[in-house]
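1. Predicted coordinates and the sequence they were generated for:
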Amino acid sequence: MNLRDHLSHEVFRIIGLAAEQAQTEAYVIGGFVRDLLLEGGSASPKDIDVVVLGSGIALAEKVRQAIGRDLPLTVFKNFGTAMLKWDDTEIEFVGARKESYRRDSRKPLVEDGTLEDDQNRRDFTINALAISLNSENFGDLIDPFGGLRHLKEKIITTPLEPGSTFSDDPLRMLRGIRFATRLGFQIEAHTLAAIQEHRERIGIISQERISDELNKIMTTGQPGRGFLLLDETGLLEIIFPELYRMKGVEEVDGQFHKDNFLHTLKVLDNIAKETDNLWLRWAALLHDIAKPRTKKFEAGIGWTFHGHEFLGAKMIPGIFRKMKLPLNEKMKYVQKLVQLHLRPIVLSQDTVTDSAVRRLIFDAGEDLEDLMTLCEADITSKNERTVKRHLQNFQIVREKIVELEERDSIRNFQPPISGDDIQKAFGIPPSKAVGVIKEAIKEAILDGEIPNQHEPAYRRMLEEGKSLGLTIQQESGDGRGEAEAPAAGDR
Ligand code: ATP
Ligand code: MG
């Protein structure tokens, strides 16, 4: 097969010529070739991996000279590789190599090798496809392991014996599951069995790399499939025990609860259709994570998971720390969504009161839309009528949110009376009383007893102060007078 017509980017000819001048050979290999054969490729590809018989760094320098522009070139001496950046295209050059592994590390011993040696060291047959850039056979596909057929048949399998492939570098197990998930491919039976057999080897891989692969699985179109494969291979129990513990159903007195693991994966796949936001997807994956720990069978009621949203939110920092996921506002965002994930549901089941919606707007703040997206993804009933009813109820909640927001500006709530106002009004220092009065005003606004405006809030402040035995020192706190109270949201 010749793919000359697909190598439209100028750089391919330039690399071929530079290699020829250096009396060597160069090939494009790996992800670029795979994606080209799957999707027809693009005129300006993002990543191109080039393998050369000889020094990757030397060829990269020659190619840069030949292009004649001051393109950024990064050299990784330790790895013998170099990366050339041409506009948005990153071209990585590596010398063909032969690798051998020791038992305790995924860092191989490396020596120079042939193209075949280099294809042998690749993780999957679909990633070992190479295309010649040399003038005598420019564009020829070099496919020693049937990678092209595996692309057509949608199969993930290894070039060499799968057991040693995975044992040598166990990260490949996760890469295999990631590619199967992203491309919708099957992992070939012996390959799958080899992952099962060598699953414990994942222990030599750093958590950063494991989480990096998990995140890549999370960003695919149907991440749930990836977690099913992790479970099927036995990797899930090792790398994500909290999720593993959600598996299974229990029965008491003929009553079953649903399988929380399968439910979670359904929610994850649902939300993946609605958003690319990785952290919203993580919130979906973790929303019920505390169900195993809160599960109870209560006579006359059935299975309950009381407080799983609060315990779940509490579990998030521990999970993020262990997984080496960011311990910053992303984590707080996931925590918040997990903690609030039942609120819109409760709301949509009762008659929807203004004050309940106002409290939801206040608590969710700028993440309210994402929370609603999570809640809608959380509907996994097989009964279409039930699904429809829930969605309609959420629609009512959404409409109420819009209506109240227009009226009350609760989102990003700023108290209409500040602590400073209270201190001045009663001539008191910062103290507990100030907090009590502030809280009482906030509650009155959220309950709809007073509007979110300065004047009525000021009056409420005076009442609250009086009931605490405080006396007014300065009649209209900040000198603005009650008549000219600012509009809601001004402060
Ligand atoms: P992506 O689209 O995710 O970039 P890719 O196939 O290009 O997919 P990379 O991680 O960029 O993946 O690696 C480039 C190539 O290097 C792969 O196609 C594969 O041939 C080889 N490779 C990468 N990691 C490994 C590994 N752990 N073991 C063996 N070969 C690997
Ligand atoms: Mg790549």
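-> Arrived safely. Ligands and ions are numbered 1, 2, ... in the order given.
2. Would you map out the domains in the protein?
-> 4-153, 419-490 (automatic domain parsing).
3. Tabulate those domains (CSV), appending mean pLDDT, distance to residue 339 and mean neighbour count.
-> From N, CA and C alone the C-beta is placed, and that goes for glycine too. Formatted as CSV, these follow (pLDDT from 0 to 100; distance: least, C-beta to C-beta, whole Å; neighbours: other C-beta atoms under 10 Å):
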stretch, mean pLDDT, distance to residue 339, mean neighbour count
domain 4-153, 93, 38, 18
domain 419-490, 80, 18, 16
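4. Out of these, which gets nearest to ligand 1?
-> domain 4-153 (2.1 Å; C-beta to the nearest ligand atom).
5. does any part of that closest one sit near ligand 1?
-> Yes: applying C-beta under 6 Å from any ligand atom, one finds domain 4-153 touching ligand 1 at 30, 31, 47, 49, 122, 123, 127, 128.
6. isn't there a helix covering the fifth one?
-> No: under the criterion used here (DSSP: H, G, I helix; E, B strand; the rest coil), residue 122 is coil, not part of a helix.
7. re the thing from before, against ligand 2, which of the residues of domain 4-153 next to ligand 1 make the cut? List them.
-> 31, 47 (C-beta under 5 Å from the ion).
8. Which members of the residues of domain 4-153 next to ligand 1 occur in helices, if any?
-> Those of those mapping onto helices are residue 31, per DSSP state H.
9. Would you confirm that residue 176 contacts residue 165?
-> No: taking contacts as C-beta atoms under 8 Å, residue 176 lies outside contact range of residue 165: 9.3 Å.
10. for residue 380, helix, strand, or coil?
-> coil.
11. Number of residues surrounding the nearest residue to it once chain neighbours are set aside?
-> The shortest distance from residue 380 to any residue other than its chain neighbours is 4.5 Å, reached at residue 266 (C-beta to C-beta, 6 or more residues apart in numbering). Residue 266 has 18 neighbouring residues, counting by other C-beta atoms under 10 Å.
12. List the contacts of the helix or strand harbouring residue 266.
-> Assigned by DSSP states H and E, residue 266 belongs to helix 260-274. Here helix 260-274 makes contact (C-beta atoms under 8 Å, 6 or more residues apart in numbering) with 220-225, 227-228, 231, 243-244, 246-248, 280-281, 284-285, 287-288, 291-292, 373-374, 376-380.
13. Please apply the same query to stretch 355-373.
-> Counting by C-beta under 8 Å, 6+ apart, 271, 274-275, 277, 280, 283, 333, 336-337, 340-341, 343-344, 347, 350, 394, 397-398, 400-401, 404-405, 408, 410-413, 445-448 sit against stretch 355-373.
14. Make a PyMOL selection of whichever of those residues turn out to be buried.
-> Here is the PyMOL command that selects only those of the contacts of stretch 355-373 that count as buried (16 or more other C-beta atoms under 10 Å):
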select buried, resi 271+275+280+283+333+336+337+340+341+343+344+347+394+397+398+400+401+404+408+410+413+445+446
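15. helices and strands around the longest helix along the chain, which ones?
-> Using DSSP H to define each element, the chain has its longest helix at helix 384-408. The contact analysis (3 or more C-beta pairs under 8 Å, 6 or more residues apart in numbering; DSSP states H and E) places helix 384-408 against helix 343-349, helix 354-364, helix 368-377.
16. do you know which of these lies nearest ligand 2?
-> helix 368-377 (30.2 Å; C-beta to the ion).
17. CA-only coordinates of the closest one in PDB, if you can.
-> What follows is helix 368-377 as a C-alpha-only set of coordinates in PDB (Å, rounded to 0.1, in the frame of the first residue of the first chain):
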ATOM      1  CA  LEU A 368     -25.300  25.600  39.200                       C
ATOM      2  CA  GLU A 369     -25.500  24.800  35.400                       C
ATOM      3  CA  ASP A 370     -22.900  22.000  35.800                       C
ATOM      4  CA  LEU A 371     -24.900  20.700  38.800                       C
ATOM      5  CA  MET A 372     -28.000  20.500  36.700                       C
ATOM      6  CA  THR A 373     -26.100  18.700  34.000                       C
ATOM      7  CA  LEU A 374     -24.900  16.200  36.600                       C
ATOM      8  CA  CYS A 375     -28.400  15.600  37.900                       C
ATOM      9  CA  GLU A 376     -29.800  15.100  34.500                       C
ATOM     10  CA  ALA A 377     -27.100  12.600  33.700                       C
END
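18. Can you give me every residue that contacts the residue nearest the centre of the chain?
-> Geometric centre of the chain, nearest residue: residue 278, 2.7 Å, by C-alpha atoms, centre = their mean. Residues counted as contacts of residue 278 (C-beta under 8 Å, 6+ apart) are 215, 218, 219.
19. Show me which of the residues you listed is closest to residue 147.
-> Checking those against residue 147 by C-beta to C-beta gives residue 219 as the nearest, at 24.2 Å.
20. what's the neighbour count on that closest one?
-> Residues near residue 219, counting by other C-beta under 10 Å: 16.
21. residues touching it, list them.
-> Residues near residue 219 by C-beta under 8 Å, 6+ apart: 276, 278, 281.
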